[in-house]
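# just to be clear, the model below is a prediction. Sequence and coordinates:
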Amino acid sequence: MDVALMVLAFALVLGGIAGSFLPVLPGPPLAFLGLAVLWFSDAYQPDAELLGMHLAAASAITALDYYVPIWGTKKFGGTKAGTTGATIGLLIGLFLGPLGIIFGPFVGALLGELSAGTQQNQAVRAAFGAFLGFVAGVFMKLAYALVVLYQLFQLL
C-alpha cells in the first residue's frame, strides 16, 4: 500500500509541476495533494504542521495567481478600466482554454485601456503588465511545486 501511495503522490506532484505551465491544471493544489496523500502511508508520513503550512501556501499561491495579472496592469500604469478589462479578460479566458487564460488578461487590459481613451502605447504597456503578472504566476506555481517535490524526496 505504501508503494501505491508513493506512486500516487509522485504523480500528483508531477501534475502540479505541469499545472504550473498548463492553466487547465490546478498546479499548487495538485502538488499539495501529492504531499497530503502520504498522510495515509505508514512509512512516509508528513506531520500535520508541514501539511498545514503547505495547505496555506498552496491556497495563497492559487489566489495570488488570479490577482497578480491585475496587479501587473496597475503597476505598469493601467487605469481602473485596464484592471477591470484584465479581470474580465481573465474570467472569459478561463472558458477559452490555455491560450485564453494566457492572453485573456492581456487582451482585456488592452481593450479596457483603449475603450477608456488611453493612448495606444500606454494601453499596450498596461497590457504587458498583465502578461508579466501571468508569467510571475507561472514562476510562483512552479517554485511551489518544486519545493513539494523536494520535500517528497526528503520523506523517502
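The structure has been received and is ready for your questions. Keep in mind it's a predicted model, so treat the numbers as computed, not measured.

# ok now the worst-scoring helix or strand of the chain on mean pLDDT, how far from the chain's centre?
Confidence across the helices and strands of the chain bottoms out at helix 80-94, with a mean of 85, counting by mean pLDDT, DSSP states H and E. The chain centre lies 16 Å from the centre of helix 80-94; the measure is Cα atoms, centre = their mean, to the nearest Å.

# now do stretch 35-52
Worked out by Cα atoms, centre = their mean, stretch 35-52 lies 23 Å from the chain centre.

# buried residues of that stretch, list them for me.
35-38, 41, 44, 46, 51 (16 or more other Cβ atoms under 10 Å). Where you see a C-beta, it was placed from the backbone N, CA and C, and this is true even at glycine.

# could you list the low-pLDDT ranges of the protein?
The chain contains no residues with pLDDT under 70.

# give me the residue at the spatial middle of it.
residue 65 (4.1 Å; Cα atoms, centre = their mean).

# check which helix or strand covers the closest residue to residue 91 other than its chain neighbours.
The shortest distance from residue 91 to any non-neighbouring residue, by Cβ to Cβ, 6 or more residues apart in numbering, is to residue 104 (7.7 Å). Applying DSSP states H and E as the criterion places residue 104 in helix 97-115.

# that helix: what's the following helix or strand?
Counting by DSSP H and E, what follows helix 97-115 is helix 120-155.

# tell me what that next one is packed against?
Applying 3 or more Cβ pairs under 8 Å, 6 or more residues apart in numbering; DSSP states H and E, we find helix 120-155 packed against helix 2-21, helix 27-36, helix 48-75, helix 80-94, helix 97-115.

# re earlier: next, the buried residues of the helix holding residue 104.
So for helix 97-115, counting by 16+ other Cβ under 10 Å, buried means 100-114.

# now stretch 62-81
62, 64-65, 68-74, 76, 78-79, 81.

# ok, stretch 7-14 next?
Buried residues in stretch 7-14 (16+ other Cβ under 10 Å): 8-10, 12-13.

# that older thread, could you redo the buried residues of stretch 35-52 as a markdown table and give each row distance to residue 129?
Converted to a markdown table, these look like this (distance: Cβ to Cβ, whole Å):
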| residue | distance to residue 129 |
| --- | --- |
| 35 | 33 |
| 36 | 35 |
| 37 | 38 |
| 38 | 39 |
| 41 | 44 |
| 44 | 43 |
| 46 | 38 |
| 51 | 35 |
